[in-house]
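Provided below are the primary sequence and the corresponding predicted coordinates.
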Amino acid sequence: MPDITRDLIFPEPIFHEKIWGGRRLADDFGYQIPDGPIGECWAISAHPNGDCVVAGGAWAGRHLSELWDEHRELFGDAEGDRFPLLVKIIDAKENLSVQVHPDDAYAAEHENGSLGKRECWYVLAADPDTKIVIGQRAHDRAELASMIEEGRWDDLLNLVPCRPGDFFRIEPGCVHAIQGGTMVLETQQSSDVTYRVYDYDRVGDDGKPRELHIQQSLDVVDYQMEAPASGEVTAPEVDGVTELMECPNFVVDRVRVSGEKNVAQPWPFLCVSVIEGSGTVCAETADVTHEISRGTHFLAPAGCGELRFAGDMTLVTSRLPE
């Protein structure tokens, strides 16, 4: 008999207004977004700053954090006091602040037990000749402090060309910034800790310059990190699947569907984002067919069986490492 409790979980996205945001989440994806500059769509999240509600099915109306706390069997009884991943779309109409994120140890000590923030970006759209800030050139804390104090941003920051289909790995300690005219799908640890290094002297709604976090940034920057020269994906595609990143927190793949494609789901859970195209998906155990298209995000729970896709689509998936 079909088991609808193991059907695919479709969270309602949560939208966040940002000073640098735009309207492309509505224009490009058809999301119903609030008025104003909307910079982020939290598509799969159980973080307190954006805890998604399940849209339908057996778990309709429940928050994702509730399912994690009360029905851990849906997540393969994975360990941890919080759902570990966060999947979002970022629409940068203007430049984001130059920023850096802490690792787990620093965040746990200094940010009320938060996780650190390892993340990665799959570039969905980018204006011609757009670049992205990834990496910095200071050799140690003293040199970084001096370059910040003197405003030597051109000397300090490493800029890399940014094109649709590029992929960037952002480790804790990596200075980075998405530039205006860029839209990315971000997979990250479930954390909302960001240290601003530079914000182009912008002011917030209160008319005052937005807060910077120079001392924390000096603490967490990885001065030995080598910056990439390109975001070009060079990993091989095998049976439509390209592994984009594997790290201690997650594995991210790009999956191409052309016609019919079955995808095994042996993991505690699998996050899926449709970034191009449309079609259908059916989880073997529940035997319910769902229409999906660009901008659809869902979570395939443990025990849902094989995922049966039909259509012409590109997906980005994420899961816990083995």
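Yes, it's here. Numbers count the residues shown, from 1 in each chain.

residue ranges of the strands in the stretch 201-322 of the chain, please?
Assigned by DSSP state E, counting those that start in this stretch, the stretch 201-322 of the chain shows strands spanning 237-238, 241-246, 251-263, 269-283, 289-293, 297-301, 307-319.

which other helices and strands does the fourth one contact?
The reference is to strand 269-283. On a contact count with 3 or more CB pairs under 8 Å, 6 or more residues apart in numbering; DSSP states H and E, strand 269-283 meets strand 38-44, strand 85-92, strand 182-189, strand 289-293, strand 297-301, strand 307-319. Any C-beta I mention is one placed from the backbone N, CA and C, and that applies to glycine too.

can we see that at 10 Å?
Applying 3 or more CB pairs under 10 Å, 6 or more residues apart in numbering; DSSP states H and E, one finds that strand 269-283 contacts strand 38-44, strand 85-92, strand 119-126, strand 182-189, strand 251-263, strand 289-293, strand 297-301, strand 307-319.

let me have those in TSV, extended by distance to Met225.
TSV is the format used below for the helices and strands packed on strand 269-283 (distance: least, CB to CB, whole Å):
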stretch	distance to Met225
strand 38-44	25
strand 85-92	22
strand 119-126	14
strand 182-189	17
strand 251-263	20
strand 289-293	37
strand 297-301	30
strand 307-319	23
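
could I get these as CSV with distance to Arg72, mean pLDDT and mean neighbour count?
Shown next, in CSV, are these (distance: least, CB to CB, whole Å; pLDDT from 0 to 100; neighbours: other CB atoms under 10 Å):
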stretch, distance to Arg72, mean pLDDT, mean neighbour count
strand 38-44, 17, 98, 23
strand 85-92, 15, 98, 25
strand 119-126, 25, 98, 22
strand 182-189, 19, 98, 24
strand 251-263, 20, 98, 17
strand 289-293, 24, 98, 16
strand 297-301, 11, 98, 25
strand 307-319, 16, 98, 20
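
ok, back up a step: Arg137: which of the strands of the stretch 201-322 of the chain is closest?
strand 241-246 (24.2 Å; CB to CB).

listing partners with orientation, what would you give for the closest one?
Strand 241-246 has these partner strands in its sheet, going by DSSP bridges: strand 237-238 (antiparallel), strand 251-263 (antiparallel).

and of those strands, who's closest to Ala108?
Using CB to CB, the strands paired with strand 241-246 put strand 251-263 closest to Ala108, at 23.2 Å.

any idea how far the closest one is from the middle of the chain?
In terms of CA atoms, centre = their mean, to the nearest Å, the gap separating the centre of strand 251-263 from the centre of its chain is 19 Å.

let me see the mean pLDDT of the helix or strand hosting Leu67.
For Leu67, the host element (DSSP states H and E) is helix 64-70. Helix 64-70 shows a mean pLDDT of 98.

not counting its own residues, what contacts it?
Contact with helix 64-70 is made by 9, 11-12, 44-48, 50-54, 59, 62-63, 73-75, 78, 80-84, 190, 269, 299, 301, as judged by CB atoms under 10 Å, 6 or more residues apart in numbering.

narrow those residues to those in helices?
With helices defined by DSSP state H, no entry of these lies inside them.

out of these, which end up buried?
Neighbour counting by 16 or more other CB atoms under 10 Å classes 9, 11, 44-47, 50-52, 54, 59, 62-63, 74-75, 82-84, 190, 269, 299, 301 among those as buried.

returning to what we had before: the strands paired with strand 241-246: which one's closest to Gly277?
Closest approach to Gly277 among those (CB to CB): strand 251-263, 7.4 Å.

which residue packs closest to Leu115, ignoring adjacent ones?
Leaving aside its sequence neighbours, Leu115 sits nearest to Ser191 (CB to CB, 6 or more residues apart in numbering; 4.4 Å).

for the one you found, list the residues it contacts.
So Ser191 contacts 47, 49, 82, 84, 86, 101-102, 104, 107, 111, 114-119, 172 (CB under 10 Å, 6+ apart).

and the contacts of the lengthiest helix in the chain?
Ranked by residue count and defined by DSSP H, the top helix of the chain is helix 141-149. Outside helix 141-149, the residues that touch it by CB under 10 Å, 6+ apart are 98, 136-138, 152-153, 155-157, 175, 197-198, 212, 214-215, 217-219, 221, 223.

narrow the residues you listed to those in helices?
Those of these lying in helices (DSSP H): Trp153, Asp155, Leu156, Ile214, Gln215, Ser217, Leu218, Asp219.

just send these back as JSON lines, with pLDDT too.
Output for the ones in helices among the contacts of helix 141-149, formatted as JSON lines (pLDDT from 0 to 100):
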{"residue": "Trp153", "pLDDT": "97"}
{"residue": "Asp155", "pLDDT": "97"}
{"residue": "Leu156", "pLDDT": "97"}
{"residue": "Ile214", "pLDDT": "97"}
{"residue": "Gln215", "pLDDT": "98"}
{"residue": "Ser217", "pLDDT": "98"}
{"residue": "Leu218", "pLDDT": "98"}
{"residue": "Asp219", "pLDDT": "98"}
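
which of these count as buried?
By 16+ other CB under 10 Å, the ones in helices among the contacts of helix 141-149 give Leu156, Ser217, Leu218 as buried.

thank you kindly, that will do.
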